[in-house]
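In: Got a predicted model here, sequence first, then my questions.
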Amino acid sequence: MPATLEPPPPTAGRRHTAADLLAMADDGIERWIVNGQIEVVGVTQRDKHHTRLESRVAMILGIWLDAQPEPRGAVYSGEVGVVLRADPELSVGIDVAYLTAEQAANGSDEETTLLVGPPALAVEILSPNDTQKDTVRKLKWYREVGVAMVRVIDPDLKTVAVHQPGQKPVVHNEDADLDGADVLPGFRVPVAKLFAH
């Protein structure tokens, strides 16, 4: 079993950054930076169902993106690390994220492997270890930093909850279609297609 590197001890007035997270061993522990402090969220549990769904979502978004005019944005998946806010730093992992062309250009900081700045779309796929508290906190942070659309996919209920600023969340079941609103122009997919085998 690889050695676990604990976060550097806090010092008076010192705030942690993404560099501190990146310096730690990949030990399967999910950590976020919340207001400059490293917070242990839990053990990352990715099963074959979760990763397959994540791949389908990224693929469907990629097909839509390929049909868009240049300049295009970018789709990232695999619990991509994102610095949502710089000061105090707030960094989280996102299952699938879409950045507009402008966001992708602004978020390409070569000094880090993390994306810098909030995405236009964040997709969260609920896992067995996700708590409602952590999901609600992430939704609150996404709203605070200006993420235009968040989709929370529940693999067990086969639903997609869509959150947008200033609107009530809308839950779509397998009989519904998802559209992209202003965030993903022209995007449309049956919810059932996300869960198809």
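Out: Nice, I can see it.
In: what residues does the top helix by length along the chain touch?
Out: Longest helix of the chain, by residue count under DSSP state H: helix 48-66. Applying CB atoms under 8 Å, 6 or more residues apart in numbering, the contact partners of helix 48-66 are 72-75, 77-78, 95-96, 98, 121, 123, 125, 127, 153, 155, 180, 184, 186-187, 189, 193-196. In short, each C-beta sits where N, CA and C put it, glycine included.
In: Show me the contact partners of the longest strand along the chain.
Out: If you go by DSSP state E, the chain has its longest strand at strand 74-86. When contacts are defined by CB under 8 Å, 6+ apart, strand 74-86 is touched by residues 18, 21, 30, 44, 46, 54-55, 57-58, 61-62, 65, 89-99, 104, 112-119, 141-142, 144-145.
In: what about the helices in the protein?
Out: Ranges of helices in the chain, per DSSP H, are 18-22, 48-66, 101-106, 132-145, 191-195.
In: Export the ones you listed to JSON lines and append columns for mean neighbour count and distance to residue 171.
Out: Listed next are the helices of the chain as JSON lines, based on neighbours: other CB atoms under 10 Å; distance: least, CB to CB, whole Å:
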{"stretch": "helix 18-22", "mean neighbour count": "17", "distance to residue 171": "33"}
{"stretch": "helix 48-66", "mean neighbour count": "16", "distance to residue 171": "17"}
{"stretch": "helix 101-106", "mean neighbour count": "15", "distance to residue 171": "27"}
{"stretch": "helix 132-145", "mean neighbour count": "15", "distance to residue 171": "13"}
{"stretch": "helix 191-195", "mean neighbour count": "16", "distance to residue 171": "10"}
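In: Where among those is average confidence lowest?
Out: Mean pLDDT per stretch puts helix 18-22 lowest among the helices of the chain, at a mean of 64.
In: how about the closest residue to residue 185 other than its chain neighbours, phi and psi?
Out: In space, and not counting its chain neighbours, residue 185 is closest to residue 68: 7.7 Å by CB to CB, 6 or more residues apart in numbering. The phi/psi pair for residue 68 (degrees, to the nearest 10) reads phi -90, psi 150.
In: Now do residue 3, the pLDDT please.
Out: Per-residue confidence at residue 3 stands at 39 (pLDDT).
In: State the number of residues packed around the nearest residue to residue 154 once chain neighbours are set aside.
Out: Excluding the flanking residues, the one nearest residue 154 by CB to CB, 6+ apart is residue 126, at 5.1 Å. Neighbour count for residue 126, taken as other CB atoms under 10 Å: 19.
In: Residue 126 reaches residue 155, doesn't it?
Out: Yes: counting by CB atoms under 8 Å, residue 126 does reach residue 155; the two are 6.5 Å apart.
In: The longest strand of the chain vs helix 132-145, what angle?
Out: Here the directions of strand 74-86 and helix 132-145 differ by 80 degrees (axes from the mean of the first three to the mean of the last three CA atoms, to 10 degrees).
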